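Chemist: Need the 3D shape of this:
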Amino acid sequence: MEYEAVIGLEVHAQLLTETKIFCGCSTRFGAAPNSHTCPICLGMPGVLPVMNRKVVEYTIKMALATHCRINRENSFARKNYFYPDLPKGYQISQYAYPLAEHGYVEVEVDGEKKRIGITRIHMEEDAGKLVHDEYNPVSYVDLNRAGVPLIEIVGEPDIRSSEEAIAYLRRLHEILVYLEICDGNMEEGSFRCDANISLRPRGEDELGTRAELKNMNSFRNVQRALEHEIKRQQYVLEGGGQVVQETRLWDDSKGVTRSMRGKEEAHDYRYFPDPDLVPLIISDEWIEEVRKTLPELPLKKRERFILEYAIPEYDAGVLTASRDLADYYEETVRLCRKPKIASNWVMGDILRYLNEEKRDIKACPVRSIALAEMINLIEDGTISGKIAKEVFEEMWKSERPPKEIIEEKGLLQITDVDILKKVINEALEADPEKVEQYRSGKEKLFGHFMGQVMKATRGKANPKLVNKILIEMLAE
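Modeler: The predicted structure is shown next:
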């Protein structure tokens, strides 16, 4: 029997607020354990939570960006469960009345576009963190993260493959980062994903028994975990067994999922309205106020780059991968008016150097104004493309403008016809046999002579001019 996977993803994104969702404690990552805590996020008796307005604004932004319907009245609930990193014994979340519902995002896999639904987006507080000792049978509790604001994005079970899952995750990730409401750092846990996955006979509508996958801290691990779980469930079903509803952990070192516990249902958490928080009313005016702050989103920016700058779809995809990179590229184009050449430099040398040094575009030592100036110097014949590589390397190291480097190193392109004729003549006289072979029809030798001239001038000869003069001299 042929089976198909039915996958739904639950994404938790930590919001980039300075303080926690219900108190004034800092959300900064990496502080000493338990230093960003107070009676409210520690769940002390008699304290009252106060809603962080910025959390609501950021959630509205994500709802608008993913075509969700925003509920004008929504409320908070207590999700009750016991775990050592949950000091109150419950998590403040949203259940019956979330902030947003019924949205979608569009993805493209293997050239085919697909719309993946979003069931709901709701606000909640994060739990703390357990640190397990590698050498002793003890665990330590760090409650700095308790009360940090999250949004949970619950996707519809519209995904049918690991490739679609990754495309959906990447789309959500880039929207969150473009909106500047989440830094998207999976290693630090600010962008986390759980997956619900089941198999059913292809062509049937009834859903199979699902397993929930956790502990996937990278896009690659999400894909590997899903692919393994699809194979595992298929093996169980084909062997006549039944898939058990449970929560499973991804073991990266072994490349397998393993059982953690039975899967909880909503009633297991005994949700009830939080008596300390009044219903949250969101006005139309507030929504419109937030809508005005939305930036151009990645898909729209991608389409505009293709139309406005006449660059390939691939280039547009790379250049709009981050908002800062797109801004860098656009500023470069504005200053040099050479969209494709700018695209080549940004996608090539800029990104290669940044990746090698593990830097972000914000920390790029070659500013867009300097890159544009160098491109203009290539275009007006001041330097050759080959010399530009040398100039760029020095720009990266010293952060100096290209003109200053060119003058200091004497890298001006040779455009004097008499000088070039002399160099070309010497190159031809040094290799009379190849000259005769070229004139006898071996035109591929033209590249050899070009190379000799460029070598003799240390790459400073104007290639177009050399090409023209060389054709004339070889024809004599």
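Chemist: tell me the domain ranges of this protein?
Modeler: For the chain, the structural domains run 3-289, 298-409, 417-474, going by automatic domain parsing.
Chemist: any low-confidence regions in the protein?
Modeler: 263-267, 476 (pLDDT under 70).
Chemist: let's see it at 80
Modeler: 1, 261-267, 410-416, 458-464, 475-476 (pLDDT under 80).
Chemist: Name the next helix or strand downstream of the top strand by length along it, please.
Modeler: When the chain is parsed with DSSP state E, its longest strand is strand 112-125. For strand 112-125, the succeeding helix or strand toward the C-terminus, using DSSP states H and E, is strand 129-132.
Chemist: Check which helices and strands that next one sits against.
Modeler: Judged by 3 or more C-beta pairs under 8 Å, 6 or more residues apart in numbering; DSSP states H and E, strand 129-132 is in contact with strand 139-142. Every C-beta, even on glycine, is put in place using the N, C-alpha and C of the backbone.
Chemist: Quick one: list the elements packing against the strand it packs on.
Modeler: Looks like strand 139-142 contacts strand 129-132 (3+ C-beta pairs under 8 Å, 6+ apart).
Chemist: now the strands: where do they sit in the stretch 101-250 of the chain?
Modeler: Using DSSP state E, counting those that start in this stretch, the strands assigned to the stretch 101-250 of the chain run over residues 112-125, 129-132, 139-142, 149-155, 191-201, 211-216, 246-251.
Chemist: For residue 428, which of the ones you listed is the nearest?
Modeler: strand 112-125 (56.4 Å; C-beta to C-beta).
Chemist: How far away from the center of its chain is the closest one?
Modeler: Taking C-alpha atoms, centre = their mean, to the nearest Å, one finds strand 112-125 lying 17 Å from the centre of the chain it belongs to.
Chemist: What of stretch 403-415?
Modeler: 39 Å.
Chemist: Would you mind writing the CA trace of that stretch as CSV?
Modeler: C-alpha atoms of stretch 403-415 as CSV (Å, rounded to 0.1, in the frame of the first residue of the first chain):
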residue,chain,number,x,y,z
LYS,A,403,40.3,55.3,-5.4
GLU,A,404,42.7,55.7,-2.5
ILE,A,405,43.9,52.1,-2.8
ILE,A,406,44.2,52.3,-6.6
GLU,A,407,46.3,55.5,-6.4
GLU,A,408,48.5,54.1,-3.6
LYS,A,409,49.2,50.8,-5.4
GLY,A,410,49.4,52.2,-8.9
LEU,A,411,46.6,50.0,-10.2
LEU,A,412,45.2,52.4,-12.8
GLN,A,413,44.2,50.6,-16.0
ILE,A,414,46.5,51.1,-19.0
THR,A,415,44.5,52.7,-21.8
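Chemist: So which residue is smack in the middle of this protein?
Modeler: residue 174 (5.1 Å; C-alpha atoms, centre = their mean).
Chemist: for the longest strand of the chain, packing partners?
Modeler: Secondary elements touching strand 112-125 (3+ C-beta pairs under 8 Å, 6+ apart): helix 53-65, strand 90-93, strand 100-109, strand 149-155, helix 162-178.
Chemist: Now distance to residue 31 too, for these, in CSV please.
Modeler: Shown next, in CSV, are the helices and strands packed on strand 112-125 (distance: least, C-beta to C-beta, whole Å):
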stretch, distance to residue 31
helix 53-65, 20
strand 90-93, 22
strand 100-109, 31
strand 149-155, 17
helix 162-178, 23
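Chemist: from the ones you listed, which stretch is densest packed?
Modeler: Highest mean neighbour count of the helices and strands packed on strand 112-125: strand 149-155, a mean of 24 (counted as mean count of other C-beta atoms under 10 Å).
Chemist: what's the angle between that one and helix 53-65?
Modeler: 20 degrees (axes from the mean of the first three to the mean of the last three C-alpha atoms, to 10 degrees).
Chemist: just to revisit the earlier point, Throw the strands of the stretch 101-250 of the chain into TSV and include distance to residue 387, thanks.
Modeler: Below are those laid out as TSV (distance: least, C-beta to C-beta, whole Å):
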stretch	distance to residue 387
strand 112-125	44
strand 129-132	53
strand 139-142	54
strand 149-155	50
strand 191-201	43
strand 211-216	47
strand 246-251	50
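Chemist: Out of these, which is the most enclosed?
Modeler: Looking across the strands of the stretch 101-250 of the chain with neighbours counted as mean count of other C-beta under 10 Å, the highest average goes to strand 149-155: a mean of 24.
Chemist: That strand pairs with which strands, parallel or anti?
Modeler: strand 3-14 (antiparallel), strand 112-125 (antiparallel) (DSSP bridges).
Chemist: mind checking which of the ones you listed is nearest residue 132?
Modeler: Judging the strands paired with strand 149-155 by C-beta to C-beta, what sits closest to residue 132 is strand 3-14, at 20.9 Å.
Chemist: Fine, thanks again, bye for now.
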